[in-house]
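Asker: Requesting a structural model of the entry that follows:
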Amino acid sequence: MLDLNTSQNKISYYGTGRRKSSIARVYVIYGSGNVFINGQLGIKYLQYNASHLNLVLKPLKLLSLDSKYDLMITTKGGGITGQANAIKLGVARALCMLDQNNRSILKSSGMLTRDSRVKERKKYGLRKARKAPQFSKR
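Answerer: Alright, predicted model coming up:
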């Protein structure tokens, strides 16, 4: 695992991403394209799901920086899909801190838009948020 405090890795860029109940803190560090999530390799943490890994790396691939920077990520809450989407937003925001010219490219491809949909709470008298018990006339 990479150490954030070594002299060669001093310059890091930070971004926070959120999706549903997931929160991801992303550090982009100059390196060789490694992804570490909660101290594990990214592919292992994402359960070898290629679509989730591609989602995480999408902002880097869009800017052709996928082999130039390492990602150090801590994430909590929610499931793997929500965490992957939160990481994607965090990476995009960190890349905007890296260079302001990246912002227009990421914004036009929808990488900087936070998906604010969250699960609706259950209401009393109902089975779920909106599902009601079956109506009986008699």
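
Asker: for the biggest helix by length in the chain, packing partners?
Answerer: Secondary structure of the chain per DSSP state H: the longest helix is helix 80-98. Under the contact definition 3 or more CB pairs under 8 Å, 6 or more residues apart in numbering; DSSP states H and E, helix 80-98 sits against strand 12-19, strand 22-30, helix 50-62, strand 69-76, helix 102-108. Glycine gets a C-beta too; all of them are placed from N, C-alpha and C.

Asker: List the buried residues of that helix.
Answerer: 81-96, 98 (16 or more other CB atoms under 10 Å).

Asker: Equivalent analysis for stretch 129-136, please.
Answerer: Result for stretch 129-136 [16+ other CB under 10 Å]: no buried residues.

Asker: which regions of this structure sit below the pLDDT cut-off?
Answerer: 1-10 (pLDDT under 70).

Asker: what do you get if the cut-off is 90, keeping everything else the same?
Answerer: For the chain, the stretches with pLDDT under 90 are 1-11, 66, 138.

Asker: Report the central residue of it.
Answerer: Closest to where the C-alpha atoms of the chain average out (CA atoms, centre = their mean) is Ile87, at 1.3 Å.
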